[in-house]
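Visitor: I would like to see how this sequence folds:
(chains A and B)
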There are 2 protein chains.
Amino acid sequence: MKVVITGGTGMLGRRLALRILARPELAGPDGTPEAVDELVLFDAFEPVEPPPDDPRVEVVTGDICDPATVEGLIDGATDAVFHFAAVVSGGAEADFDLGYAVNLDGGRNVLEASRHTGRCPKIVFTSSLAVYGGERSVDDSTALTPQTSYGTQKAIGELLVNDYTRKGFVDGRTLRLPTIVVRPGKPNAAASGFASSILREPLQGDDVSNPVSRDTRMLILSPKRAVQAFIDVHNADGATLGPNRSVMMNGLSPSIEEMLDTLRAIGGDVVADRVRDEPDALVQSIVDAWAWYADGARAAALGMEPDASVSEIIENFIADELDGKIVR
Amino acid sequence: MKVVITGGTGMLGRRLALRILARPELAGPDGTPEAVDELVLFDAFEPVEPPPDDPRVEVVTGDICDPATVEGLIDGATDAVFHFAAVVSGGAEADFDLGYAVNLDGGRNVLEASRHTGRCPKIVFTSSLAVYGGERSVDDSTALTPQTSYGTQKAIGELLVNDYTRKGFVDGRTLRLPTIVVRPGKPNAAASGFASSILREPLQGDDVSNPVSRDTRMLILSPKRAVQAFIDVHNADGATLGPNRSVMMNGLSPSIEEMLDTLRAIGGDVVADRVRDEPDALVQSIVDAWAWYADGARAAALGMEPDASVSEIIENFIADELDGKIVR
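Guide: Residues are numbered from 1 along each chain as shown, chains lettered A, B, ... in the order given. Prediction:
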């Protein structure tokens, strides 16, 4: 099968690519796993991390906002598209026009190009907890009341995926992600970035500031579980999903205090003491609009599992991204 | 004040125009009613009914999908925009591209042009019961799960109005309308059109078919009450509305049987016997996805009232649109 990943050299895109190249896991038309024999990784940027070294991989750099580029990317041989390309929350808030161009128009370009293949490819759209607004607990049927431009653009994307699917143009699925923790690499412009930084930076030997109160809870999911969830939602039976193609992924709901206590238990005082509380009213106000708890019954019914514990999340990060080494 | 009405020569646009020309009713910046001294009626079509004969009125024909046209329409003198221009439900379902071009891109053009005025004009966006899907009863906080392209486009418009308002680009408000009954004139491509036809055609001497079961209920509002609701939602205090600018308008919830019984009581057997039941499975399936009951607490709190009775709706139609004459 041929698979296209937009944002394919980014953090999640690259990890999904490595995973689906490793063994046949994506279901084909008859529901059984098929090998990927062509994998296109599309991105706006030159890769920061090296793309998978595999003859089946083609890296394409271009602008998701250009319809002709996307039409060329998603051709009549394409079986599945994972659409990760996006301007993150902080970026979409800072540059209103860029956010709508990439997150709304770019998404429409993906759907239109997929429609034009005439073969109803699978489209897995990445959404976010940011589609909600203000509720402490959310589930699959909570009304979408986004309070940022990013959340608005993601909510619109979900509506479009459902409508294109209903019309038979694509076989769409949306995965609403919790905050991904621990993101490797450098901080990005996502307002949620601190939730990774307060764990990642101390483990790598760097001081970091925590901008929110210790009793703030975050709904979190590891990159590893997120990649598994994307495979699961791709493989889910369309009839089981029904007309609403959005699936809220469950996560853990630790407080910042619990996250930092776990960091201390794993890394010791020298690591944990690299975190300084420096309250930032703006970040706190953004984070306060996010849900603490998800009751994603659809994800659970599909067998999609969150991480077992915060310890597991941190230990996996150390093993997978730091070669097992903590800087003490 | 200068007011622009898109779809301004259509059924609701024209009636709103006549109303706001008649006396000062639209609140200015200080909350008190101001006279309209410039009223632009924009439409894609040449007027079917004559536009108001008033020196303050300018009729402009053009394409809402063309950004430059809309930028020229909504200029730095514009205080308020009522955005009615739309491809109706049946039309958007039949022509997917046209529906998205007019209902999504056209709406974005209105928001962008309004933003570019730099003066945060009031935007009143027309939405519909079609944003819901499948629930018998709906309220302001029911999740939007549209089951048509038209409903999808309206739900997206609501999200955009909220985001542009949050950013301070416009002072937006959305009115979610029940099915408008009795629409005067010719049947249009709206899937809900029969709800007017089964009353209008018999009163005008024509036979008509009723495509749905007699126990089907419709959530309905008269054109007169709809015009009042648009004025009310324009005049509502923005702080009271808060970040969610969508207001679900209440209506009556008669069954088709009750509507036709009322027609018989007013027009007699000769009129009522012009209705023949001719079940149409497609229309029934579309209508079955619409809500029967609305509990629009926000509209009620704003003092926005539905009609008093089906009798009142029919009597007003006869008085206002048929010069008081029923064809027997």
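Visitor: switch to C-alpha atoms for all contacts and neighbour counts from now on
Guide: Will do.
Visitor: check contacts around residue A:115.
Guide: A:121, A:164, A:169-170 (C-alpha atoms under 8 Å, 6 or more residues apart in numbering or on different chains).
Visitor: what about the residues you listed, which one has the most neighbours?
Guide: In terms of neighbours by other C-alpha atoms under 10 Å in any protein chain shown, the contacts of residue A:115 top out with residue A:170 at 27 neighbours.
Visitor: in the stretch 151-300 of chain A, which spans are strands?
Guide: Ranges of strands in the stretch 151-300 of chain A, per DSSP state E, counting those that start in this stretch, are A:171-177, A:179-180, A:208-210, A:220-221, A:246-248, A:275-277, A:293-295.
Visitor: between those strands, which one is nearest to residue A:255?
Guide: Closest to residue A:255 of the strands of the stretch 151-300 of chain A, according to C-alpha to C-alpha: strand A:220-221, at 10.3 Å.
Visitor: gap between residue A:66 and chain B?
Guide: In this structure, residue A:66 and chain B are 16 Å apart, going by C-alpha to the nearest C-alpha, to the nearest Å.
Visitor: what about that residue, how many neighbours?
Guide: Applying other C-alpha under 10 Å, I find that residue A:66 has 14 neighbouring residues.
Visitor: now residue A:200. Nearest residue, chain neighbours left out?
Guide: Residue nearest to residue A:200 in three dimensions, not counting chain neighbours: residue A:182, with 6.7 Å by C-alpha to C-alpha, 6 or more residues apart in numbering or on different chains.
Visitor: residues touching that neighbour, list them.
Guide: Counted by C-alpha under 8 Å, 6+ apart, residue A:182 has contacts A:195-197, A:199-200, A:222-223, A:313-314, A:317.
Visitor: state the distance from it to chain B.
Guide: Per C-alpha to the nearest C-alpha, residue A:182 is found 30 Å from chain B.
Visitor: does residue A:253 touch residue A:216 like I think?
Guide: No: the pair residue A:253 / residue A:216 is not scored as a contact, 9.7 Å apart, by C-alpha atoms under 8 Å.
Visitor: still on that earlier bit, between the strands of the stretch 151-300 of chain A, which gets nearest to chain B?
Guide: Among the strands of the stretch 151-300 of chain A, the nearest to chain B by C-alpha to the nearest C-alpha is strand A:246-248 (10.7 Å).
Visitor: which ones are touching whichever residue of the stretch 151-300 of chain A sits closest to chain B?
Guide: Proximity to chain B, evaluated over the stretch 151-300 of chain A using C-alpha to the nearest C-alpha, is greatest for residue A:156 at 5.7 Å. Neighbouring residues of residue A:156 by C-alpha under 8 Å, 6+ apart: A:104, B:156, B:159.
Visitor: what's in contact with stretch A:62-71?
Guide: A:42-45, A:85, A:101-102, A:105-106, A:109-110, A:112-114.
Visitor: include pLDDT, secondary structure and distance to chain B when you put these into JSON lines, please.
Guide: Listed next are the contacts of stretch A:62-71 as JSON lines, based on pLDDT from 0 to 100; DSSP: H, G, I helix; E, B strand; the rest coil; distance: C-alpha to the nearest C-alpha, whole Å:
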{"residue": "A:42", "pLDDT": "98", "secondary structure": "strand", "distance to chain B": "26"}
{"residue": "A:43", "pLDDT": "97", "secondary structure": "strand", "distance to chain B": "26"}
{"residue": "A:44", "pLDDT": "96", "secondary structure": "coil", "distance to chain B": "25"}
{"residue": "A:45", "pLDDT": "91", "secondary structure": "coil", "distance to chain B": "28"}
{"residue": "A:85", "pLDDT": "96", "secondary structure": "coil", "distance to chain B": "20"}
{"residue": "A:101", "pLDDT": "98", "secondary structure": "helix", "distance to chain B": "12"}
{"residue": "A:102", "pLDDT": "98", "secondary structure": "helix", "distance to chain B": "15"}
{"residue": "A:105", "pLDDT": "98", "secondary structure": "helix", "distance to chain B": "10"}
{"residue": "A:106", "pLDDT": "98", "secondary structure": "helix", "distance to chain B": "14"}
{"residue": "A:109", "pLDDT": "98", "secondary structure": "helix", "distance to chain B": "13"}
{"residue": "A:110", "pLDDT": "98", "secondary structure": "helix", "distance to chain B": "15"}
{"residue": "A:112", "pLDDT": "98", "secondary structure": "helix", "distance to chain B": "10"}
{"residue": "A:113", "pLDDT": "98", "secondary structure": "helix", "distance to chain B": "13"}
{"residue": "A:114", "pLDDT": "98", "secondary structure": "helix", "distance to chain B": "15"}
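Visitor: narrow those residues to those that are buried.
Guide: Neighbour-count burial (16 or more other C-alpha atoms under 10 Å in any protein chain shown) applied to those gives A:42-44, A:85, A:101-102, A:105-106, A:109-110, A:112-114.
Visitor: which one of the residues you listed is nearest to residue A:60?
Guide: Nearest member of these to residue A:60, counting by C-alpha to C-alpha, is residue A:42, at 4.7 Å.
Visitor: residues in contact with the spatially closest residue to residue A:7 that is not a sequence neighbour?
Guide: Ranked by C-alpha to C-alpha, 6+ apart and with sequence neighbours excluded, the top spatial neighbour of residue A:7 is residue A:85, at 4.0 Å. Residue A:85 makes contact with A:6-8, A:43, A:64, A:102-103, according to C-alpha under 8 Å, 6+ apart.
Visitor: and what of residue A:176?
Guide: By C-alpha under 8 Å, 6+ apart, the neighbours of residue A:176 are A:126-129, A:246-249.
Visitor: ok, and the most crowded of those?
Guide: Counting by other C-alpha under 10 Å, top hit in those: residue A:249 with 31 neighbours.
Visitor: so that one sits against residue A:293, correct?
Guide: No: counting by C-alpha under 8 Å, residue A:249 does not reach residue A:293; the two are 10.9 Å apart.
Visitor: can you tell me the residue of the stretch 51-200 of chain A closest to chain B?
Guide: Taking C-alpha to the nearest C-alpha, the stretch 51-200 of chain A has residue A:143 as its residue nearest chain B, at 3.9 Å.
Visitor: so that residue sits in a strand?
Guide: No: Residue A:143: not assigned to a strand; according to DSSP: H, G, I helix; E, B strand; the rest coil it is coil.
Visitor: report how many residues lie close to it.
Guide: Residue A:143: 18 neighbours (other C-alpha under 10 Å).
Visitor: not counting its neighbours along the chain, what's nearest it?
Guide: residue B:143 (3.9 Å).
Visitor: residues touching that neighbour, list them.
Guide: Taking C-alpha under 8 Å, 6+ apart, one finds A:141-144, B:132 in contact with residue B:143.
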